[in-house]
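Asker: structural data only, the sequence is not supplied:
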């Protein structure tokens, strides 16, 4: 009878060890996945190709290119601002799509990213 109890305890200990190891692996994978989401960036061109903006899902603008033939007169600032907003929104949407694959569409992170999209003007 004691041997039977010892066997049960050892089996339970082995299951617990396996669960702890699985949790550790999942945590390590989550760190990698979150880093991947932080690195998402998208490049958007303005409708008339006056400028091109690259932005991250966190909202950082990492690159702005002004086309050589762009008219830099009145109104260019509005075009640039709209292009920045579009790039930021597209990057958040791309990160939300990736997060949905990793965490599920019902994840609060996915919902937050989708809620922060810039509405179309």
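Answerer: Thanks, I have the structure now. Please read these numbers as outputs of a predicted model, since none were measured by experiment.
Asker: now do the domain split for this protein, please.
Answerer: Following the assignment in automatic domain parsing, the chain carries domains at 1-38, 40-121.
Asker: I'd say residue 71 and residue 49 touch.
Answerer: No: using CB atoms under 8 Å, residue 71 makes no contact with residue 49, being 11.4 Å away. Every residue, glycine included, has its C-beta placed from N, CA and C.
Asker: is it fair to say residue 43 lies in a strand?
Answerer: Yes: counting by DSSP: H, G, I helix; E, B strand; the rest coil, residue 43 is found in a strand.
Asker: give me the pLDDT for it.
Answerer: Note for residue 43: predicted pLDDT of 97.
Asker: list the contacts for it?
Answerer: 52, 53, 54, 63, 87 (CB atoms under 8 Å, 6 or more residues apart in numbering).
Asker: helix, strand, or coil at residue 63?
Answerer: strand.
Asker: for the closest residue to it other than its chain neighbours, give me its contacts.
Answerer: The shortest distance from residue 63 to any non-neighbouring residue, by CB to CB, 6 or more residues apart in numbering, is to residue 54 (4.1 Å). Neighbouring residues of residue 54 by CB under 8 Å, 6+ apart: 41, 42, 43, 44, 61, 62, 63, 64, 87.
Asker: switch the cut-off to 7 Å
Answerer: By CB atoms under 7 Å, 6 or more residues apart in numbering, the residues touching residue 54 are 41, 43, 62, 63, 87.
Asker: pLDDT weak spots in the chain?
Answerer: Along the chain, segments meeting pLDDT under 70 span 1, 26-33, 117-121.
Asker: longest helix in it, please.
Answerer: helix 2-38 (DSSP state H).
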